[in-house]
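Peer 1: Need a 3D model of the following:
(4 chains)
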Number of protein chains: 2
Amino acid sequence: MAKSIKEIAQELNVSKSTVSLVINHKAEQARISKELEKRVLDYVKKVGYKPNSLAKSLATGRSNTIGLIVENIGDSFFGPFALYVEELLRKKDYHVLYSSTLGDPQNAQDIIDFMLEKKVEGILLAPTVDLEEHQRKILEHKVPLVVFDRNSPEVATHYVHIDNGDSSLKACSHLQSIGCENFGLVTIDSDQPQMLARKNAYLQFCEETGMQARILHLPYQNLRQKGMTTLQNWVAKNIELDGLFFTTNYLCILGLKSLRTEEGKNFDFPLFSFDDHELFDLLNPKISCIRQPLEPLAKTCVKVLLKEIDRGVSSPKEYVISTDLIKR
Amino acid sequence: MAKSIKEIAQELNVSKSTVSLVINHKAEQARISKELEKRVLDYVKKVGYKPNSLAKSLATGRSNTIGLIVENIGDSFFGPFALYVEELLRKKDYHVLYSSTLGDPQNAQDIIDFMLEKKVEGILLAPTVDLEEHQRKILEHKVPLVVFDRNSPEVATHYVHIDNGDSSLKACSHLQSIGCENFGLVTIDSDQPQMLARKNAYLQFCEETGMQARILHLPYQNLRQKGMTTLQNWVAKNIELDGLFFTTNYLCILGLKSLRTEEGKNFDFPLFSFDDHELFDLLNPKISCIRQPLEPLAKTCVKVLLKEIDRGVSSPKEYVISTDLIKR
DNA sequence: TATTTCTACTAAAACGTATTAGTAAAGATA
DNA sequence: TATCTTTACTAATACGTTTTAGTAGAAATA
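Peer 2: As a prediction, the model looks like this:
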C-alpha cells in the first residue's frame, strides 16, 4: 500500500533522485523541468506518498524529535508542562518523545538509552537522583541537553529553574503577614537541590525573624503509606503550630487529607503550598501558594534547547524564572 | 564517538555480519566460534556500542514503539492513563510516543501522519470529532488500532470503553437514594457517543421514575468564558433543583467554581461527577462520583493492542470496563 | 582418493531515503 | 566546426543495520 520513492520512480520511468529532489523542493536547484516536476508532484499526491521517516532520518541524520524526560507525566505539574512543550515544539516542526522515570534511576537509564538510540536531537530532562552519569553520557554523545526543575550540581548543563530560595522567602513573609507566628515546614527527605533551597530559605527566615524552626521531613520512599500518620503525629505533638508551609503541592494534598482524617480534630490554621493545584481555590480553608509559571518555564526550556540544536552545544548557563505568589 | 557495526568490524578484522550476529545473540545459530563471540562481545562492551535504532527499524520493519493519541496529556484523566500505558508497555519492551490533539482535527491529522511515518507498530487513540477518515487511514496502512474512551461509530475498530449508560443509571439511583427528587443533568453540547449515552441514561431514569428531566447543555467551544454564567443563570432559574449530575469532572469543577462565586448564594444540594478527581474527597460538600478504573482500562487497551500486533489485525470487538460508584 | 558434510565465517542484498558527482543532449560561442 | 555552457536529468554512494545465500577449508565418509 505505502509506496516508496523507488516504486514511484519506476512507475513514472524516472530516477529515484528525480523523485526525491522534487519531493524535497529542490527541483529548481537541480534543474528539473517544470513539466516533469509537476508530473512527479501530481503522481506523488495521487498515490498519497508518505515518506518513511526512519529512512529519512538515517540519511539526513536529523530526527526532528526531542526527548522530554520527567518524573511522572500523570502529575499536575509535569503533565501540563509537557503539553506546553509539545505545543511550542509543534510550531517549530519538532515532535516530542516523552517518558516518565517514576524516580527510578534504572528506568531513567533505559529511557535515556532509548532516546539516544532514537537519535533525538535534544533532551529536556527533569533529573531524579543519581542521574549525573547519564547526563554525562548524553553530553558525550553531543546531544544538546537542558535540565529543568531539578538539577544535579555535579554536571554542568543548561539549567532552567525557578528561584526556589526567593520564592520560599516570599511564602514565609506571606504567612507572617497573615498572622502566623509559629508556622512549620513540611518537606521531603531528599537532597534534591530545589528542596534544600526551599528549606534553607525557611531556615534563613527563622534566623532573621527569630521564629523557632520546626521542620518535618517525610520519607521520599513509600510516602503514601507512612506520610499521613507521621504528619498527624507531628502536628499533634507540636501544639504551638499556627501554620504549615508545604514544599510541594503533593505534600500539601497529603497534609489536607491526613489532617482531615480525624473528623473532630480539624486543623484551623493556614496552609501554604509550594506549587499550585487546580482545585486549591475551591478548598476550605483556601490554600495560598507559590505558582510556578508553567508557560514561561516551558518557553525558556524550549528556546534554550532549540538554540543549542541550531548553533551547537554552548557553555552551560542558568536561567531563573520568577514565581507568582497567589494569595487566597 | 558512537561507533557503528562497520567500524567495530574493521577494528576487529571481521565482517559486519559477524558483529551483527553476535550482538543479536545469533552467534550459535550462525556457528560463530565461542572465542570469536567473546572477542566481539568484549570489544562491543568496551567501546560502549549503542545500535542506531533508526537503521535497525529500517532493516527489521519493527520500531518497538506504539503511539498514544489523547486529547490532552495534561489533564487528570489522560495523564495518569498515559502513565499506566507506558508502564505496561515498558515491561513488554515497547516504548510510547504520545501526543495531544487538543481536540483539533488538524493536529490530530498531523500527529497520525507523523506516527505512521515513524512506523509505530500500533496506535491507541482517544478520538475527537471528525477523525473517521484518519482512523480509516491508519487501518489502510495495516497498523493495528485500538480506540478508547470515545468512539466514532462509523468506523469499525477495536473499542475499549466503560459502560456509560449503566454507570449513569447507577449515578441517578445514588442521587435518588440520598434524597434528591429533582436533580438536573449538566452536560456538554457535543454529540460524542459517550456523552449521549450518559444523557440518555438520565432521560431513561426520568422516564422510569417520573422525575422531570432538567438538562443544561454547556458549549463545547469556549467553555471557560461562557460556561460559568450560563450555569449560574440556569441554576438560579430552576429553583426546584435539589441536586446536579455533571457528565464529566471538568464540568463538575466548573460547577463548583461558578456556584461558589457569589459568596452568599452557595448551593446546598449534592453534586455528582462522572469521573473522579484527586481532590474531590477533600471538598465540602464531598463529591460522589463514578470512577473510571484507569488501570483496568489501560490494561485492556494494551492487551488488545499487543495481541493485534502479534497476531495481525483481527475483526473489531468491543471491550466494556465496568465502573465504580464512589459514595462520599 | 574422490565425495560429502560440517565448521566458521563472509559477501551481498535489502530497508527507503538524501546527495553529489557525472553525463548525454542541446544550445551558444568563437 | 570544434569547444564551451547550459539543461535536464541519472548513477552511484552513503546512512547503519539485518539476513540469506554462499564459500573456503577441515573433517568425515565411502
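Peer 1: can you tell if stretch A:292-300 touches chain B?
Peer 2: No. Residues of stretch A:292-300 contacting chain B under C-beta under 8 Å from any C-beta of the partner chain: none, with a closest distance of 9.1 Å. (Each C-beta comes from the backbone N, C-alpha and C, glycine too.)
Peer 1: May I see the buried residues of the lowest-mean-pLDDT helix or strand in chain A?
Peer 2: The weakest-scoring helix or strand in chain A, judged by mean pLDDT, DSSP states H and E, is helix A:249-261 (a mean of 83). Within helix A:249-261, the residues that count as buried by 16 or more other C-beta atoms under 10 Å in any protein chain shown are A:249-259.
Peer 1: per-domain residue ranges of chain A.
Peer 2: Listed by automatic domain parsing, the domain ranges of chain A are A:5-51, A:63-162+A:295-322, A:164-291.
Peer 1: most neighbours per residue, which of those domains?
Peer 2: The highest mean neighbour count among the domains of chain A, using mean count of other C-beta atoms under 10 Å in any protein chain shown, belongs to domain A:63-162+A:295-322: a mean of 20.
Peer 1: sorry, back to before: I'd like the buried residues of helix A:249-261 laid out as a markdown table, including distance to DNA strand C.
Peer 2: Formatted as a markdown table, the buried residues of helix A:249-261 follow (distance: C-beta to the nearest atom of the strand, whole Å):
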| residue | distance to DNA strand C |
| --- | --- |
| A:N249 | 45 |
| A:Y250 | 45 |
| A:L251 | 50 |
| A:C252 | 51 |
| A:I253 | 49 |
| A:L254 | 51 |
| A:G255 | 55 |
| A:L256 | 54 |
| A:K257 | 54 |
| A:S258 | 57 |
| A:L259 | 60 |
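Peer 1: closest to A:K199 among those residues?
Peer 2: A:L251 (12.2 Å; C-beta to C-beta).
Peer 1: The closest one reaches A:S190, doesn't it?
Peer 2: No. Judged on C-beta atoms under 8 Å, A:L251 makes no contact with A:S190 at a distance of 11.4 Å.
Peer 1: picking that back up, among the domains of chain A, which comes closest to B:V235?
Peer 2: domain A:164-291 (16.8 Å).
Peer 1: The closest one close to chain B?
Peer 2: Yes. Using C-beta under 8 Å from any C-beta, domain A:164-291 reaches chain B at A:253, A:256-257, A:260, A:277-279, A:281-284.
Peer 1: between these, which is nearest chain B?
Peer 2: Nearest to chain B among the residues of domain A:164-291 next to chain B is A:L279, at 4.3 Å by C-beta to the nearest C-beta.
Peer 1: Tell me how far that closest one lies from B:L83.
Peer 2: In this structure, A:L279 and B:L83 are 20 Å apart, going by C-beta to C-beta, to the nearest Å.
Peer 1: ditto for A:V160
Peer 2: According to C-beta to C-beta, A:V160 and B:L83 sit 23 Å apart.
Peer 1: and what of A:N24?
Peer 2: Taken as C-beta to C-beta, the span from A:N24 to B:L83 is 38 Å.
Peer 1: ok, A:F183 - contacts?
Peer 2: Residues near A:F183 by C-beta atoms under 8 Å, 6 or more residues apart in numbering or on different chains: A:172, A:175, A:211, A:214, A:241-245, A:269-270, A:272.
Peer 1: mind listing what the spatially closest residue to A:K170 that is not a sequence neighbour touches?
Peer 2: Nearest residue to A:K170 in three dimensions, chain neighbours excluded: A:L325, at 5.0 Å (C-beta to C-beta, 6 or more residues apart in numbering or on different chains). For A:L325, the contact set (C-beta under 8 Å, 6+ apart) comprises A:167, A:170-171, A:174, A:288-291.
Peer 1: Show me the helices in chain A, by range?
Peer 2: Taking DSSP state H to define them, one finds helices in chain A at A:5-12, A:16-23, A:34-47, A:53-60, A:78-91, A:105-117, A:132-140, A:164-177, A:193-209, A:223-237, A:249-261, A:294-311.
Peer 1: do the second one and DNA strand D meet at all?
Peer 2: The reference is to helix A:16-23. Yes. Helix A:16-23 comes into contact with DNA strand D (C-beta under 7 Å from any atom of the strand), by way of A:16-18, A:21.
Peer 1: quick one: low-confidence parts of chain A?
Peer 2: A:1, A:261-267, A:284 (pLDDT under 70).
Peer 1: what does it have sitting close to DNA strand C?
Peer 2: So far as C-beta under 7 Å from any atom of the strand goes, chain A lies against DNA strand C at A:4-6, A:16-17, A:20-21, A:23-24, A:26, A:30, A:49-52, A:55-56, A:58-60.
Peer 1: Same list, those, but only the ones touching chain B.
Peer 2: Among these, the residues lying close to chain B (C-beta under 8 Å from any C-beta) are A:50-52, A:55, A:58.
Peer 1: how close does A:S314 sit to A:D324?
Peer 2: With the distance defined as C-beta to C-beta, A:S314 ends up 30 Å from A:D324.
Peer 1: And for A:A55, the neighbour number?
Peer 2: 17 (other C-beta atoms under 10 Å in any protein chain shown).
Peer 1: Give me the distance between A:E7 and A:K16.
Peer 2: A:E7 is 10 Å from A:K16, by C-beta to C-beta.
Peer 1: hmm, back to that, mind putting the contacts of A:L325 in TSV, distance to A:G103 included?
Peer 2: Formatted as TSV, those follow (distance: C-beta to C-beta, whole Å):
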residue	distance to A:G103
A:S167	23
A:K170	28
A:A171	25
A:H174	30
A:S288	28
A:C289	23
A:I290	22
A:R291	23
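Peer 1: Looking at these, which is nearest B:V44?
Peer 2: In terms of C-beta to C-beta, no member of those lies closer to B:V44 than A:S167, at 47.9 Å.
Peer 1: Residue of the stretch 151-300 of chain A closest to DNA strand C, please.
Peer 2: The nearest approach of the stretch 151-300 of chain A to DNA strand C comes at A:H158, 27.8 Å away (C-beta to the nearest atom of the strand).
Peer 1: Run through the bridge partners of that residue.
Peer 2: A:V146 (DSSP bridges).
Peer 1: For it, give me its contacts.
Peer 2: Going by C-beta under 8 Å, 6+ apart, A:H158 touches A:145-147, A:304-305, A:308, A:316-319.
Peer 1: 10 Å - rerun?
Peer 2: Shown in contact with A:H158 (C-beta atoms under 10 Å, 6 or more residues apart in numbering or on different chains): A:124, A:144-148, A:300-301, A:304-305, A:307-308, A:313-319.
Peer 1: How about A:L185?
Peer 2: A:168, A:171-172, A:198-199, A:201-203, A:205-206, A:213-217, A:243-247, A:272, A:274.
Peer 1: swap in A:R62?
Peer 2: A:53, A:56, A:119, A:121, A:309.
Peer 1: which one of these sits closest to A:L88?
Peer 2: A:I309 (13.5 Å).
Peer 1: In PDB, list the C-alpha atoms belonging to stretch A:48-64.
Peer 2: Presented in PDB, the C-alpha positions along stretch A:48-64 are these (Å, rounded to 0.1, in the frame of the first residue of the first chain):
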ATOM      1  CA  GLY A  48      -0.700   9.500  -1.300                       C
ATOM      2  CA  TYR A  49       3.000   9.100  -0.800                       C
ATOM      3  CA  LYS A  50       4.300   9.300   2.800                       C
ATOM      4  CA  PRO A  51       8.000   9.300   3.400                       C
ATOM      5  CA  ASN A  52       9.500   6.700   5.700                       C
ATOM      6  CA  SER A  53      10.900   9.000   8.300                       C
ATOM      7  CA  LEU A  54      13.200   6.300   9.600                       C
ATOM      8  CA  ALA A  55      15.000   6.100   6.300                       C
ATOM      9  CA  LYS A  56      14.900   9.900   6.100                       C
ATOM     10  CA  SER A  57      16.400  10.400   9.500                       C
ATOM     11  CA  LEU A  58      19.000   7.700   8.700                       C
ATOM     12  CA  ALA A  59      20.000   9.500   5.600                       C
ATOM     13  CA  THR A  60      19.900  13.100   6.900                       C
ATOM     14  CA  GLY A  61      21.000  12.500  10.500                       C
ATOM     15  CA  ARG A  62      18.000  14.500  11.700                       C
ATOM     16  CA  SER A  63      15.000  13.100  13.500                       C
ATOM     17  CA  ASN A  64      13.000  16.300  14.200                       C
END
